[in-house]
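Undergrad: Predicted model and sequence below, questions to follow.
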Amino acid sequence: MKTINLLNKCDLNVLNNYKVILNTDYIFIPIKNEDKIVVKKGDKVLKGTLVYGDIDKLYSSISGIVLDVINLNNYKYLIIKNDFKELTNNTRARDLNSMSKDDFLSYLNNNNFKNIINNNIDNLYINAIDNDPYIYNKYMYLKNNIKDIAILCKYLKKNFNIENIKIAIKNSYHELLGEYKVDLKYVRVPDIYPVGNNDILSKYLISSSNDYIIELKDIIDVLYEVIKNKKEHEKYITINGNNVKNPSVISVKKYSYLNNILSNYTLLDNEYDIILNNSLCGLVVNPKNIIVTDDIDGVIINKKCKYKTSKCSKCGLCVNVCPMKINPLIKNKKCIKCGLCNFVCPSKINIVDEVQR
Ligand code: SF4
Ligand code: SF4
């Protein structure tokens with residue numbers, strides 16, 4: 001397996017700069033089928049009201065008034081205007097100390113997690129490694145919620161057949177998390193990319209069929225579904241890149257308008273690209289077309305690169321670097337879109353866009 005070291009200098013700027021930006025005037029809920037909208041224009045909704053009821057169920061992340069459905073870049077969105085009252089149906093948090101295992105399972109909707117914890121488990125690893133060298137959402141989530149996560153892990157160990165629960169972090173995270181250890185166990189892996197991908201991480205961690213990896217997101221789901229007993233209305237995204245003066249991890253309302261969020265940032269150069277989710281091969285987008293949904297983890301704002309591409313010289317570097325051991329020049333379902341082939345290509349060919357996307 002090949003990986004490369006992509007350590008960068010932005011780390012501390014971002015990690016010391018966590019912000020909460022929840023003051024969105026409107027939210028835009030993505031709609032695939034208008035017939036499945038379960039509210040109507042003019043309705044007052046509470047935070048947590050079901051507004052779209054298809055296979056995916058979508059809930060309002062604010063309280064306010066339902067406006068219209070609009071088209072934005074060929075996608076439909078239901079707009080809700082914020083009343084800034086944060087009104088919600090009060091639900092009580094549940095006490096894990098007095099919760100039976102059966103009750104715990106009945107509250108849990110995350111089927112992936114449900115299937116895994118019913119096994120006999122030697123090691124349950126929680127993947128808390130951000131899968132991009134410039135994105136730090138998992139790090140920040142872990143840091144901000146470490147006590148709740150520790151309490152949950154203790155409960156899981158006591159009530160299910162789990163020998164060990166360990167949080168998988170990068171070496172550099174370990175240094176930074178020193179004071180937040182509580183009574184959790186950590187396993188450290190080398191600071192290389194793309195070790196945050198579960199397929200790659202499993203090569204470092206999994207040694208028997210009784211070892212499992214879950215995502216930190218699974219643990220967050222359990223915290224909300226079982227203990228907090230409410231929907232998750234905010235999400236973490238990282239705003240980073242060499243054109244951002246004040247990079248940070250932020251907590252924002254789900255379904256906020258990205259362009260408004262970016263108005264909180266000072267940009268250094270007038271010519272730049274805005275790249276979604278992956279610094280090596282993410283899509284370059286116009287923020288006026290982007291709503292912060294569950295799929296958006298990071299926004300990389302880089303000074304515009306002015307380089308020319310040339311013809312493939314058949315050097316083979318992209319093949320050598322691929323962690324999935326596939327030929328990047330032939331479309332393959334195994335591609336994890338890590339972008340390492342783009343990164344090493346001396347001809348500056350965007351192999352992911354041209355072949356794998
Ligand atoms: S082909 Fe896919 S998995 Fe392989 S290096 Fe390129 S992006 Fe990564
Ligand atoms: S790294 Fe670039 S130039 Fe080399 S073989 Fe791959 S695509 Fe061609």
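TA: Here it is on my side, so go on. Ligands and ions are numbered 1, 2, ... in the order given.

Undergrad: Just to be sure, R92 is in a strand?
TA: No: counting by DSSP: H, G, I helix; E, B strand; the rest coil, R92 is located in no strand; its state is coil.

Undergrad: Which residues are in contact with it?
TA: N229 (C-beta atoms under 8 Å, 6 or more residues apart in numbering). C-beta here means a position set from N, CA and C on the backbone, and glycine is covered the same way.

Undergrad: For K85, which residues are in contact?
TA: S63.

Undergrad: how much space between K57 and ligand 2?
TA: Relative to ligand 2, K57 is positioned 43 Å away (C-beta to the nearest ligand atom, to the nearest Å).

Undergrad: Contact partners for that residue?
TA: With C-beta under 8 Å, 6+ apart, K57 has these contacts: L50.

Undergrad: just K138 next, same as before
TA: Going by C-beta under 8 Å, 6+ apart, K138 touches 127-130, 196, 216.

Undergrad: Can you list phi and psi of it for me?
TA: phi -70, psi -40 (degrees, to the nearest 10).

Undergrad: Return the per-residue confidence for it.
TA: Looking at K138, its pLDDT is 94.

Undergrad: same check, this time on P328
TA: pLDDT, P328: 97.

Undergrad: if we take the contacts of K138, which one ends up nearest to ligand 1?
TA: Top of the list for closeness to ligand 1, among the contacts of K138 and by C-beta to the nearest ligand atom, is G196 at 13.0 Å.

Undergrad: That closest one and Y134 touch, don't they?
TA: No: using C-beta atoms under 8 Å, G196 is not in contact with Y134, being 11.9 Å away.

Undergrad: closest to I290 among the contacts of K138?
TA: I290 lies nearest to D130 out of these, by C-beta to C-beta, at 19.8 Å.

Undergrad: Just to check, the closest one is in contact with G196?
TA: Yes: here D130 reaches G196: they are 5.5 Å apart, a contact under C-beta under 8 Å.

Undergrad: Distance of F104 relative to F113?
TA: 11 Å (C-beta to C-beta, to the nearest Å).

Undergrad: what's the answer for I55, then?
TA: Separation of I55 from F113 (C-beta to C-beta) stands at 19 Å.
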